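Peer 1: fold the following and give me the result.
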Amino acid sequence: MKRLNSRGSAIIEYTVILAFIACVATSFFYEDGFKDPVVQITNRVIALLGGNPNLLAGNSVGLPHAALIGDTDGQVSKDYNDRVAVMGAGSTLGNDNLIQLESNQDYEIVVDLDAFTSQTGLDKDKFELCLLVLDNENSATKAGLDTGDMSATVDKTYNTKNKGETQYQGQSVTATYNSENNTVTYSFSTKQDAYMGMNLVYGRNNGGASDAELNKIANTYQNYITVQKKTN
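Peer 2: Down below sits the predicted model:
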């Protein structure tokens, strides 16, 4: 029995070491086609160890000059001058895959604003985030939960823009800004069958954003935006 316990401990230690190696490998291969398999393996190891992986990592794509349309039926993603659409992997403009979430689950989106600035060189005060949650995979369906553009530096509650009789009727998203950590956390809950997309917004009230600015956000958002099950 003592030998068995020692073997079990060794397996756990080996798994932790593998997770560390996968994380380091991710940083080396981030701009490479090898990135997605490494990130997916890392997330599986984190989940196995009881962690809370970022649902965006290896599971999403950022499309510069694109936005999901949450307030109109029959509209797939369209071209915009101040937005990056975050959708499921393999998405292209007008061909939207959404990110599936668990039903009846509390989630949070955490944005590290220091990392945003260091990764992009952009002004955090010009950054906003719009969350869309649908009850099916068809992005052309009007979103049940549509927050509109939410500030990244102000505490506020955002009610869904959809006034129809949906399962998200009366639901809201709470934005909490932490000045000490310079992070903002958007808290929300899913209902039955939940599929998510986001629009990352920059320079909305300042004439839009340049190609370079939107490309920086599209290429780096997974480094400073985390979507995860709500932590206690």
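
Peer 1: tell me which strands and helices the longest strand seen in the chain is in contact with?
Peer 2: Secondary structure of the chain per DSSP state E: the longest strand is strand 78-88. In this structure, strand 78-88 packs against strand 60-67, strand 99-101, strand 194-202, helix 211-220, with contacts taken as 3 or more Cβ pairs under 8 Å, 6 or more residues apart in numbering; DSSP states H and E. Every C-beta, even on glycine, is put in place using the N, C-alpha and C of the backbone.

Peer 1: now do the buried residues in it.
Peer 2: Under the neighbour-count criterion of 16 or more other Cβ atoms under 10 Å, strand 78-88 has 80, 82-88 buried.

Peer 1: how about those residues, which pair is most distant?
Peer 2: Greatest spacing in the buried residues of strand 78-88, by Cβ to Cβ: 82 and 88 (22.1 Å).

Peer 1: save the helices and strands packed on strand 78-88 as JSON lines, and put in mean neighbour count too.
Peer 2: Formatted as JSON lines, those follow (neighbours: other Cβ atoms under 10 Å):
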{"stretch": "strand 60-67", "mean neighbour count": "22"}
{"stretch": "strand 99-101", "mean neighbour count": "18"}
{"stretch": "strand 194-202", "mean neighbour count": "25"}
{"stretch": "helix 211-220", "mean neighbour count": "18"}
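
Peer 1: JSON lines for the ones you listed, including distance to residue 146 and mean pLDDT?
Peer 2: Output for the helices and strands packed on strand 78-88, formatted as JSON lines (distance: least, Cβ to Cβ, whole Å; pLDDT from 0 to 100):
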{"stretch": "strand 60-67", "distance to residue 146": "12", "mean pLDDT": "98"}
{"stretch": "strand 99-101", "distance to residue 146": "15", "mean pLDDT": "97"}
{"stretch": "strand 194-202", "distance to residue 146": "10", "mean pLDDT": "98"}
{"stretch": "helix 211-220", "distance to residue 146": "21", "mean pLDDT": "98"}
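
Peer 1: what sits up against stretch 205-217?
Peer 2: Residues from elsewhere that reach stretch 205-217, judged by Cβ atoms under 8 Å, 6 or more residues apart in numbering: 62, 64-65, 81-84, 119-122, 126, 200, 202-203.

Peer 1: any stretches of the protein with poor pLDDT?
Peer 2: Along the chain, segments meeting pLDDT under 70 span 1-52, 232.

Peer 1: now the strands for it?
Peer 2: Using DSSP E, strands in the chain cover 60-67, 78-88, 99-101, 106-112, 127-134, 145-146, 150-151, 156-159, 172-178, 183-189, 194-202, 225-229.

Peer 1: mind checking which of these is nearest residue 54?
Peer 2: With Cβ to Cβ as the criterion, residue 54 lies closest to strand 225-229 of the strands of the chain, at 4.5 Å.

Peer 1: re the thing from before, widest-spaced pair of the contacts of stretch 205-217?
Peer 2: Longest span within the contacts of stretch 205-217, Cβ to Cβ: 81 and 119, 21.3 Å.

Peer 1: can you list the helices and strands packed on strand 78-88 in TSV and add distance to residue 174?
Peer 2: Formatted as TSV, the helices and strands packed on strand 78-88 follow (distance: least, Cβ to Cβ, whole Å):
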stretch	distance to residue 174
strand 60-67	23
strand 99-101	17
strand 194-202	16
helix 211-220	23
